[in-house]
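A.B. asks: Sequence and predicted structure are below.
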Amino acid sequence: MKRKVHAIAATLALLFIATFWTSTVAAEFLLSQPAVIQVKLGIAYALLVFIPVMVITGASGFALGGKSTQALIVAKRRRMPYIAGIGLIILVPCALFLADRAQNGLLDNSFYGIQVVELIAGAINLVLMSLNFRDGLRSRHCRQQ
């Protein structure tokens, strides 16, 4: 059961980050200013679901990995503080700042400066989470052999 919970939560977390990132890029480059505003507000509201999903992913991952010395599990464990730190220290505050600025129609230099920071941090987290996802699938495969 823990494995299923972890797999579902990890999949959802990765999909959330990918959706946040791609919707931001698409809105900025392909859509209108009102669309950018809606995307920023949507991301802020989605944090109400995304944050618990990340907590479940981390908690279930630590529960499953325990004190394993398997290289793939150790690698996942090493990446998790970076994923969590980037999320809590950079991405959540950026998302809330951008949503507030967007809601008030302030798509100015401050908005776009923070937008760049959010996109870079989001891309880093997307890569780190993808590596964890890959290693989770590989470690599952190793256990089955």
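C.D. replies: Here it is on my side, so go on.

A.B. asks: quick check: longest helix of this structure.
C.D. replies: As far as residue count goes, and with DSSP state H defining each element, the longest helix of the chain is helix 109-144.

A.B. asks: Can you give me the buried ones in it?
C.D. replies: Residues of helix 109-144 classed as buried under the neighbour-count rule (16 or more other Cβ atoms under 10 Å) are 111, 114-115, 117-119, 121-122, 125-126, 128-129, 132-133, 135-136, 139. Using the backbone N, CA and C atoms, a C-beta is placed for each residue, glycine as well.

A.B. asks: One more: stretch 12-20?
C.D. replies: Of the residues in stretch 12-20, L12, A13, L14, F16, I17, F20 count as buried by neighbour count, 16+ other Cβ under 10 Å.

A.B. asks: which regions of this structure lie under the pLDDT threshold?
C.D. replies: Residues of the chain that meet the criterion pLDDT under 70 lie in 141-145.

A.B. asks: Can you pull up the most central residue in it?
C.D. replies: In the chain, the C-alpha nearest the mean C-alpha coordinate belongs to I17, at 3.8 Å (Cα atoms, centre = their mean).

A.B. asks: For that residue, give its distance to K2.
C.D. replies: 22 Å (Cβ to Cβ, to the nearest Å).

A.B. asks: Check which helix or strand T24 maps to.
C.D. replies: Here T24 is covered by helix 2-30, with elements defined by DSSP states H and E.

A.B. asks: got the angle for the next helix or strand after that helix vs helix 109-144?
C.D. replies: Sequence-wise, the next helix or strand beyond helix 2-30 is helix 33-65, with elements assigned using DSSP H and E. With axes from the mean of the first three to the mean of the last three Cα atoms, to 10 degrees applied, the angle from helix 33-65 to helix 109-144 works out at 30 degrees.
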